[in-house]
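*Asks:* What follows is a predicted structure for the sequence shown.
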Amino acid sequence: MKLVKSLFAVAVATVSLTQTAQAFEERVVALVNDTPVMESQVQRVLGKKKATPSAHKAAVDQVIDDMLVQQVTKEAGVTVSPAAVDQAVEDIAIQNGITYGQLLDALDYQGITLTQFKRNIAHQMAMEQVRHFSIGRSIQVSPEQVQTLAKELMAKDKANGKFKTVLGKEHRVSHILLKTNPILNDNQAKAKLNSLISDIKTGKTTFEKAAEANSVDYASGADGGDLGFNFLEIYDPAFAKVASTAKTGQISAPFKSQFGWHILKVTDIRDGDRTEDAYHQRAYQQLVNKQAEEASKDWIKALRKTVHIQYLGQ
């Protein structure tokens, strides 16, 4: 009888401990907007690591980052076609100076199947699209910021004797920008832009939709590639040269500037004294470039600026 009672006591204690553990695991440790982060999620990240305060905080942040990436992936509607993956695999072989068969041999030697390799490539391509989307969404420039910086730039130029009234032709230009990376070289960037031109001319898409989906100039891409009215001297010399000779409404051939590969379309030209606007545009571009550069260094961190995160009981 005593043995039975002892076993019963152990069973009750075990159930009590289990319930306590479950209650601990299901504790809400953070809120991302209105979405809770549960202790059980954090524990899965921690695994067998010692749950020190710093390790626990890092695990909470990891759960939050994963949630944000999943959210933005869904919002971006990321899709990677099998044909695009196949082309990327062939391009990797070409870039490494080997045949497709030799690439397969190299993968086999490393114990990697072609299916696994393609899955990894597809993931990289998808995450690049997500990165593109998240950086564009994180850029926020207020009119007040632009006005303040424009005044500072104007005052600085006046103090240095560099202030000039801006007169002449203003061009309204739309463009699509691609930047090379390990998966996209110069030839491929040029080929992709030519493909976009073909799709636009055949009516498969519009310049604006193509810019929104493909341009890595995140600020203008969100506006269909529109850079607004500007004097051409504010642009990269290669960009300004093409814009100055482009006929209104016609899409240029692909060309390269210090920022990457472009195609552009001049949508309108006007006259006028736009000194103040020119300084505003210069200020806006500086602010956007700075934010884009910072966001590019850690795009997941940039995602955090788009949500409200509240840590509970930390």
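*Replies:* Thanks, I have the structure now.
*Asks:* got the phi/psi numbers for Asn185?
*Replies:* Torsion angles at Asn185 (phi, psi; degrees, to the nearest 10) stand at phi -90, psi -180.
*Asks:* wait, doesn't it sit right on Ile94?
*Replies:* No. Judged on C-beta atoms under 8 Å, Asn185 makes no contact with Ile94 at a distance of 9.0 Å. Glycine gets a C-beta too; all of them are placed from N, C-alpha and C.
*Asks:* Identify each buried residue in the strand ranked longest in the chain, please.
*Replies:* Longest strand in the chain by number of residues (criterion: DSSP state E): strand 260-271. Under the neighbour-count criterion of 16 or more other C-beta atoms under 10 Å, strand 260-271 has Gly260, Trp261, His262, Ile263, Leu264, Lys265, Val266, Thr267 buried.
*Asks:* Which residue ranges of the chain form strands?
*Replies:* Assignment of strands within the chain using DSSP E yields the ranges 28-32, 35-38, 169-178, 226-230, 255-257, 260-271, 309-311.
*Asks:* Looking at the buried residues of strand 260-271, which is nearest Leu193?
*Replies:* Ranked by distance to Leu193 (C-beta to C-beta), the buried residues of strand 260-271 are led by Ile263 at 5.0 Å.
*Asks:* Could I get the contacting residues of that closest one?
*Replies:* Shown in contact with Ile263 (C-beta atoms under 8 Å, 6 or more residues apart in numbering): His175, Ile176, Leu193, Leu196, Ile197, Ile251, Ser252, Ala253, Pro254, Phe255.
*Asks:* okay, the spatially closest residue to the fifth one that is not a sequence neighbour: pLDDT?
*Replies:* It stands for Ile197. Nearest in space to Ile197, with sequence neighbours left out and distances taken as C-beta to C-beta, 6 or more residues apart in numbering, is Ile251 at 5.6 Å. Ile251 carries a pLDDT value of 97.
*Asks:* Next: the one 4 residues further on.
*Replies:* The model reports Phe255 with a pLDDT of 97.
*Asks:* pretty sure it is touching Asp236, no?
*Replies:* No. The criterion here is C-beta under 8 Å, and Phe255 misses it with Asp236 at 10.3 Å.
*Asks:* returning to what we had before: can you convert the buried residues of strand 260-271 into JSON lines and add a column each for distance to Gln70?
*Replies:* Converted to JSON lines, these look like this (distance: C-beta to C-beta, whole Å):
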{"residue": "Gly260", "distance to Gln70": "29"}
{"residue": "Trp261", "distance to Gln70": "31"}
{"residue": "His262", "distance to Gln70": "33"}
{"residue": "Ile263", "distance to Gln70": "33"}
{"residue": "Leu264", "distance to Gln70": "36"}
{"residue": "Lys265", "distance to Gln70": "36"}
{"residue": "Val266", "distance to Gln70": "41"}
{"residue": "Thr267", "distance to Gln70": "38"}
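*Asks:* which one among those gets closest to Gln87?
*Replies:* Taking C-beta to C-beta as the measure, Trp261 is the one of the buried residues of strand 260-271 closest to Gln87, at 17.5 Å.
*Asks:* Can you name the residues that contact the closest one?
*Replies:* So Trp261 contacts Leu177, Leu178, Lys179, Thr180, Asp186, Ala189, Lys190, Leu193, Pro254, Phe255 (C-beta under 8 Å, 6+ apart).
*Asks:* same question, Val130
*Replies:* Contacts for Val130 (C-beta under 8 Å, 6+ apart) come out as Val69, Val72, Thr73, Ala76, Val78.
*Asks:* before we move on, what about Arg304?
*Replies:* Ile64, Leu68.
*Asks:* Now do it against Leu149, distance only.
*Replies:* Applying C-beta to C-beta, to the nearest Å, the value for Arg304 to Leu149 is 24 Å.
*Asks:* Kindly report the same for Ala106.
*Replies:* Relative to Leu149, Ala106 is positioned 51 Å away (C-beta to C-beta).
*Asks:* Show me which of the two is the more surrounded one.
*Replies:* Set Ala106 next to Leu149 and count neighbours by other C-beta atoms under 10 Å: Leu149 wins out with 18 against 14.
*Asks:* roughly how far apart are the residue lying closest to that one once chain neighbours are set aside and Leu103?
*Replies:* Nearest residue to Leu149 in three dimensions, chain neighbours excluded: Ala283, at 3.8 Å (C-beta to C-beta, 6+ apart). To Leu103, Ala283 is 49 Å away according to C-beta to C-beta.
*Asks:* more neighbours, these two?
*Replies:* Ala283 (21 against 18).
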